[in-house]
Each structure stands twice: as C-alpha cells, then as structure tokens.
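> Need a 3D model of the sequence below.
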Amino acid sequence: MNPLILLVILYLVLLLIWVNQGTVYDLMMKKGYEGSKYRLMSFIPIIGNLYYIKLPSLTDIDIREVKHLFTFDILGKRIFLYAGLLLLGFIILIPTTFVIYRSFLNNLLSTLLRIYAVIILILLHQGLVVDYASKKGYEGREVGLMGLVPIYGFIHYKVLPKRRNASLKAIQDIFKPGAIIQKVLVYAQITLVAVIVIVPVVYIFGMAFSDIRTAIPNTIWPETPSWEAFRFLFEETNFTRWYWNTLSIALINMFVGTILITGAAYVFARFSFKGKKAGLLTILVLQAFPSFMGLIAMYVLFWKFGLLGQPRALSILYIGGSIPGNLWLIKGFLSQIPKDLDESAMIDGASKIQIFFKIILPLAVPILTFVAVSMFMGPWMDYLLPGYLLRFKPAGAPQDYDITNQWTLAVGLFKFINDINYRNYSAFAAGALMVGIPITILYMLFQRYLIEGIMAGATKG
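Take a look at the predicted model:
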C-alpha cells in the first residue's frame, strides 16, 4: 500500500482515539473521577468506554451537561483542536524520525546529531544551574558562565550559603521531569534555529574565501583560505561600478522616497479634503498588484523617455512601487499622534510647516527610520527590474560601449552563478558579503528606532 495512504490512515486512527479519550475523560470528571489513572484508562478504545459506564457516579449528573459534550459546538472544537495538534506532531516527528534513521547510515549526519545532542545537554545543564542558583539568591552573568562548566556548576552553588529563603520543594521543582522536558524542547528549538541561521552564513564565508569557480564547495570551510575571490571581483570585473550603481539607487530611493511618502502621509493623516477616502482606497488597491505585471508598460515608458540602460532612473520605479504600503504605514502612525498638539501649537502662533517639522517629525522618527531603511534595502535585493531594463544600451551609446558598466549588484552577481562564461561561485559569495556591509551598518546604527518602528507599525497601523 502507498506509504502516504498508510500515513493518512494512521493520522485518522490516532485522531479518533484522542477525540474519544478527551470525551470519555470529560464524562468521567462529570461522575467525579479525575487523575492520571482515569486519563490513561480513557485512552483505551472500547474498554475505556465500558470502564466509564461501569463507574458509579460520585456526583449528581445533569443529563443536559452530558448531552452538551456531544453537541457540534464542543465536539467540533475538540476535533479541530486535536487535528491541528496531531498534524503539528506529525510535521515534527516525521522529519525527526527520518533524520535519526539516516544518521545510522551516514557518519557525518550521525556526528552532527551527536554534536546537537551535546549542545542541548550543555544548555540544559546551564539552565538548571541558573535556576538552582537563582533559588539560592545568586544571579547575574557569572552564574550563567558558571553554568556552562559541566557538573562543577552545581557543586559550586551547592556549597555556597543561601542568600534567599527558598523551600526544599521549590528547589525540587526545578528538577521535575516535566520541567526538564520543557527546557529540553526549548533549547532544542533554539539550537535548531541557531544552526539554520548560522550554518549558511558560515558556509557563505567559507565559499568567499575559497577559490572555486565551476563547482559548488562541499565543505563548510576551505582547507586553504585565500583572498582570490575578492581580488577577482575588484580587478577583473566592474564590481566597484555595480556597487556604486546600486548604492546610488538605494540612497536616492531612501531619501527622496521617504520625503515624498512622509509629506503625502502627513496630508492624509492631518487634513480633510474631498476624495481623501477614495484616494486612500485607490492606493490600497494598487498595492495588491505585483510590480512584474507592469514590466511591459515600464519598458515602453523607459524606451520612449530614453531611460533604458540608466541605473539611476530605476529609482522612479522603486519610489513609485513603495508609496502605497509605506504611505499607509506612516499615515497610520501619524494618525495616532494627538491633534491637540497641533491645536496648541497653532494657538501659540505656529504655522503648519512649523508644526510638521518641530512636532510631528520628532515624534515620527521610529516609523520614518523603519521606512527609510526598508526602502534602502529594496534595490540591493532586486534583480527583476534591473535585469530587464538595464540589458539595453543607453540612447546614444558608442558602438564599443561596455554594457556591464550599467549593471547593479544583483545583475552582476547573478551572472556568476547563471552564466557559464562568468561562472565563479567564490566571487558570488564574496560579493554577497560585500552587499551585506551597508545593510548591516544601517541596522546597527538604527537598531533602536527599527524595533520601535516595527512595533509602531504593528500596533498603530
């Protein structure tokens, strides 16, 4: 039989057993029976139902309460909830089981799993030591570092005197199986997410310091690191030109776009005029259409205005495409700023311009920073528009014009993995690292404002 059919049958059988258990156990509680014994008994199909029927009632049962458990409202919710939880369990257990099975056949995978298990044990030990030390009144960075020392961490805080009166039961609760299993699951998830995030980054660094052109490296870090890929980028390609093209587009997009969108958002948020609601709805509808739907129209317009092959002209499209979503985002934030501030400033003689620059803008710094950084990032990640509109020579270009001078980073780097004449995987990785530098700097400089902007956009939009 098809394994998928068997899996579906198993899923339905387990779901039926679980739903039956939940219903039977609820009926047992109506009779006054609770505890792990009755919960486990209700898991046994048929026998658990017969066991419930034979139990004498310890309380007065209202027949309406029993019938209520079998209504569509209660039973439907139970089936829906258990079906979701069981599906989540399948999604987690099936890949985990497959990985464990493959680990017996693959030495590398087996080694990685053992390392993963050791990391979880170290984190579990550290968490238990921190909780144990906290109960005794010891907290801080030193406790966290001491917890990373196997076994000695417990011994160290075992012999230290108590700074806090903690009962023996409170300390014993730290080592309960349920608490330990909860910690294991949390640390396993955190470790897995960290591996998923860190390993590709390390692999990109390793590829960048390799000298591999036509084959993808099968090791995370090269045996003999070199700067050859970076030398190739700066000496044998127009990488610096691509970088400047992309950086100039991003800067124009960030400054000009943010100024235009902020002004428009301020008007929609603070002024009342005819067509305001229709304008906002029109902008919202425009956001639903992806940019690639207008590629033909963009090409015709760029061709007619002589903008083909001119990188900075792409800013027109990036700014126009970012207006709908960001306008709504900033407008929603500005609408939450009390209009009493405007009225108080107007009483003191302030004009609309002064109110905007001296009151509204300082309060809107978080959301404006978030929008500006997101608009700066757009051109760095985009391949579709530059790949389509920059593959033509500009109007009036000489016959020997080098078309690679007008490429952006996305177009140039994509050639290293897509075009056999330019193929160079190490150069692609090195270029990817260089792309991340300005974005990383912006995130480090405006981290506080970005977090506030994201939260503001989520709650005030």
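> what's the nearest residue to residue 392 if we skip its chain neighbours?
The shortest distance from residue 392 to any non-neighbouring residue, by Cβ to Cβ, 6 or more residues apart in numbering, is to residue 308 (4.4 Å). Using the backbone N, CA and C atoms, a C-beta is placed for each residue, glycine as well.
> Same question for residue 187.
Residue 187 sits nearest to residue 123 (Cβ to Cβ, 6+ apart), 4.2 Å away.
> now swap in residue 58 and tell me
Using Cβ to Cβ, 6+ apart and skipping residues adjacent in sequence, the residue nearest residue 58 is residue 32, 3.1 Å away.
> my guess is that neighbour meets residue 38, correct?
No. Using Cβ atoms under 8 Å, residue 32 is not in contact with residue 38; the gap is 10.2 Å.
> who has more neighbours, these two?
A side-by-side neighbour count of residue 32 and residue 38, using other Cβ atoms under 10 Å, places residue 38 first with 18 against 13.
> so is that one in a helix, a strand, or just coil?
Counting by DSSP: H, G, I helix; E, B strand; the rest coil, the backbone at residue 38 sits in helix.
> can I see the domain layout of the protein?
The chain breaks down into these domains under automatic domain parsing: 3-105, 108-206, 232-460.
> I'd like those domains laid out as a markdown table, including mean pLDDT and distance to residue 217.
Converted to a markdown table, the domains of the chain look like this (pLDDT from 0 to 100; distance: least, Cβ to Cβ, whole Å):
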| stretch | mean pLDDT | distance to residue 217 |
| --- | --- | --- |
| domain 3-105 | 85 | 22 |
| domain 108-206 | 86 | 7 |
| domain 232-460 | 85 | 7 |
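> for the ones you listed, which one sits closest to residue 224?
Closest approach to residue 224 among these (Cβ to Cβ): domain 108-206, 11.5 Å.
> helices and strands around the helix or strand hosting residue 297, which ones?
When elements are assigned from DSSP states H and E, residue 297 belongs to helix 295-304. Using 3 or more Cβ pairs under 8 Å, 6 or more residues apart in numbering; DSSP states H and E, the elements in contact with helix 295-304 are helix 384-389.
> Would you mind pulling up the elements that the helix it packs on packs against?
Against helix 384-389 (3+ Cβ pairs under 8 Å, 6+ apart) you get helix 295-304, helix 314-335, helix 409-418.
> 10 Å instead, please
helix 239-270, helix 295-304, helix 314-335, helix 365-381, helix 409-418 (3 or more Cβ pairs under 10 Å, 6 or more residues apart in numbering; DSSP states H and E).
> could you check the distance from the residue lying closest to residue 346 once chain neighbours are set aside over to residue 347?
Nearest residue to residue 346, sequence neighbours excluded (Cβ to Cβ, 6+ apart): residue 355, at 7.1 Å. Using Cβ to Cβ, to the nearest Å, one gets 11 Å for the distance from residue 355 to residue 347.
> Now do whichever strand or helix holds residue 120: which elements does it pack against?
If you go by DSSP H and E, residue 120 is part of helix 107-135. Where contact means 3+ Cβ pairs under 10 Å, 6+ apart, helix 107-135 is packed against helix 72-103, helix 141-146, helix 152-159, helix 168-174, helix 177-208.
> hang on, isn't residue 21 packed against residue 47?
No. Judged on Cβ atoms under 10 Å, residue 21 makes no contact with residue 47 at a distance of 11.8 Å.
> Can you tell me the element residue 439 falls in?
Going by DSSP H and E, residue 439 is part of helix 425-445.
> Report the angle between that helix and helix 177-208.
120 degrees (axes from the mean of the first three to the mean of the last three Cα atoms, to 10 degrees).
> What residues of helix 425-445 count as buried?
Buried residues in helix 425-445, counted by 16 or more other Cβ atoms under 10 Å: 425-435, 438, 442.
> wait, which of the residues you listed is closest to residue 283?
Closest approach between the buried residues of helix 425-445 and residue 283, by Cβ to Cβ: residue 442, at 26.6 Å.
> pretty sure the closest one is touching residue 251, no?
No. Between residue 442 and residue 251 there is no contact under Cβ under 10 Å: 11.2 Å.
> Common neighbours of these two, please.
residue 376 (Cβ atoms under 10 Å, 6 or more residues apart in numbering).
> For residue 198, the count of nearby residues, please.
So residue 198, with other Cβ under 10 Å, has 10 neighbours.
> and what of residue 414?
If you count neighbours by other Cβ under 10 Å, residue 414 ends up with 18.
> what do you get for residue 276?
For residue 276, the neighbour count with other Cβ under 10 Å is 12.
> can you pull the contacts of it?
267, 268.
> Distance of it relative to residue 283?
As judged by Cβ to Cβ, residue 276 and residue 283 stand 11 Å apart.
> Need the residues touching each of these two.
Among the neighbours of residue 276, those also in contact with residue 283 (Cβ under 10 Å, 6+ apart) are residue 268.
> close enough to count as contact, residue 316 and residue 260?
No. In this structure, residue 316 is not within contact of residue 260 by Cβ under 10 Å, at 11.3 Å.
> that older thread, state the helix or strand in which the residue nearest to residue 346 lies.
helix 352-355.
> who does the helix or strand that comes right after that helix touch, helix- and strand-wise?
The first helix or strand that comes after helix 352-355 along the chain, using DSSP H and E, is helix 361-363. On a contact count with 3+ Cβ pairs under 10 Å, 6+ apart, helix 361-363 meets no helix or strand.
> hmm, who's touching helix 361-363?
Here helix 361-363 makes contact (Cβ under 10 Å, 6+ apart) with 262, 266, 333, 334, 336, 337, 338, 341, 355, 368.
> from these, which single one is nearest residue 96?
Using Cβ to Cβ, the contacts of helix 361-363 come closest to residue 96 at residue 333, 42.9 Å.
> so what's the residue in the chain sticking out farthest from the centre closest to, chain neighbours aside?
Of all residues in the chain, residue 56 has its C-alpha farthest from the mean position, at 53.5 Å, by Cα atoms, centre = their mean. Computed as Cβ to Cβ, 6+ apart, the closest residue to residue 56 that is not its neighbour in sequence is residue 31, at 7.7 Å.
> Tell me, how many residues neighbour that neighbour?
Neighbourhood size, residue 31 [other Cβ under 10 Å]: 16.
> cool, and residue 122?
Using other Cβ under 10 Å, residue 122 is surrounded by 16 other residues.
> Please give me every residue in contact with the nearest residue to residue 256 once chain neighbours are set aside.
Computed as Cβ to Cβ, 6+ apart, the closest residue to residue 256 that is not its neighbour in sequence is residue 319, at 6.2 Å. Applying Cβ under 10 Å, 6+ apart to residue 319 gives the contacts 252, 253, 254, 256, 257, 258, 259, 260, 261, 326, 375, 378.
> Would you reformat these as CSV and include distance to residue 117?
Formatted as CSV, these follow (distance: Cβ to Cβ, whole Å):
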residue, distance to residue 117
252, 51
253, 47
254, 46
256, 53
257, 49
258, 48
259, 54
260, 54
261, 50
326, 46
375, 44
378, 42
